[in-house]
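1. Build me a model:
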Amino acid sequence: MNQITVYTTNTCPYCVMMKNFLKENGLPFKEVNVQQDPIAANRLVKTTGQMGVPQTEINGQWVLGFDPEKVMQLVK
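-> Down below sits the predicted model:
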């Protein structure tokens, strides 16, 4: 089973696109809204060095932005 976490904000259209892509492909995921969770936001920046969203962690690997090809490469 894949471990997928999508880090989002309330106003990010690419976050919506990523979540819809995962749903359409039957890939369950956890969502962390970094706009509502500043601790998660700080942890994300420390981990990836990136401030943009969406950032998606798939089985320990990171996808920055909306990149369906990379997502499909990383899922089992």
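2. Could you point out the helix or strand that follows the helix or strand hosting residue 46?
-> If you go by DSSP states H and E, residue 46 is part of helix 38-48. Counting by DSSP H and E, the next helix or strand C-terminal to helix 38-48 is strand 55-58.
3. In CSV, could you pull the C-alpha coordinates for the helix or strand that that next one is followed by?
-> Downstream of strand 55-58, the next assigned helix or strand under DSSP H and E is strand 61-64. Taking C-alpha atoms only, strand 61-64 is exported to CSV below (Å, rounded to 0.1, in the frame of the first residue of the first chain):
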residue,chain,number,x,y,z
GLN,A,61,9.9,10.4,-2.2
TRP,A,62,8.9,14.0,-2.9
VAL,A,63,6.9,15.5,-5.8
LEU,A,64,6.9,19.3,-6.0
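4. So which elements touch strand 61-64?
-> strand 55-58, helix 68-74 (3 or more CB pairs under 8 Å, 6 or more residues apart in numbering; DSSP states H and E). Glycine gets a C-beta too; all of them are placed from N, C-alpha and C.
5. Which pLDDT does the model give residue 33?
-> Each residue has a pLDDT score; the one for residue 33 is 98.
6. wait, I meant residue 44
-> On pLDDT, residue 44 comes in at 96.
7. what about it, neighbour count?
-> Number of residues near residue 44 (other CB atoms under 10 Å) recorded here: 21.
8. any idea whether the residue lying closest to it once chain neighbours are set aside is helix, strand or coil?
-> Nearest residue to residue 44 in three dimensions, chain neighbours excluded: residue 7, at 5.4 Å (CB to CB, 6 or more residues apart in numbering). Following DSSP: H, G, I helix; E, B strand; the rest coil, the label given to residue 7 is strand.
9. I appreciate the help and will end here.
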